[in-house]
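Trainee: whatever this is, show me its structure:
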Amino acid sequence: MKKILLKKIVVMAMALFILTPVMAFSLPALAADLDPWGGDSGGPSQGEIKDTIGLGDRDPRDMAAAIIRIILGFLGIVAVIIILLGGFKWMTAGGNEDKVGEAKKLITAGIIGLVIILAAFAIATFVLNSLISATTGV
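Mentor: The predicted structure is shown next:
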């Protein structure tokens, strides 16, 4: 049973290995004949489709950068709230060492989280700026 299954997997892998280059070179030639934006076939133009769907003119890399900034900004707010919660616990501990220890742990965790978020923001900004400058030549 295992030998039959192994043979089927090997045959499928070989077929995929052989057919992938064939399909990669033949599909662009087939797609060139379809003309999805209307052209001479009388269909809707690219602008009409864009207006109907509601797509913008913004570069996808800029959109990804904006999404990353929003997510990291939200995480930064969460980290600051954790630090404030730790400070509040410390102020209301009333000298109880257990509560002070919990508050110190919260503040430490919040600061570590904030450092990680700032590092992630710096890395993401560097990578996206490098990607944009490498692909646009600016």
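Trainee: what average pLDDT does the top helix by length along the chain get?
Mentor: What stands out as the longest helix in the chain, according to DSSP state H, is helix 97-136. In this model, helix 97-136 carries a mean pLDDT of 91.
Trainee: how far off centre is stretch 131-138?
Mentor: Relative to its chain's centre, stretch 131-138 lies at 19 Å (Cα atoms, centre = their mean, to the nearest Å).
Trainee: give me the residues contacting it.
Mentor: 59, 61, 62 (Cβ atoms under 8 Å, 6 or more residues apart in numbering). Just so you know, the C-beta spots here come from the backbone N, C-alpha and C atoms, and that holds for glycine as well.
Trainee: now residue 58. Its backbone dihedrals?
Mentor: Here is the backbone geometry of residue 58 (degrees, to the nearest 10): phi -80, psi 140.
Trainee: could you check how far it is from residue 91?
Mentor: Distance, residue 58 to residue 91, by Cβ to Cβ, to the nearest Å: 46 Å.
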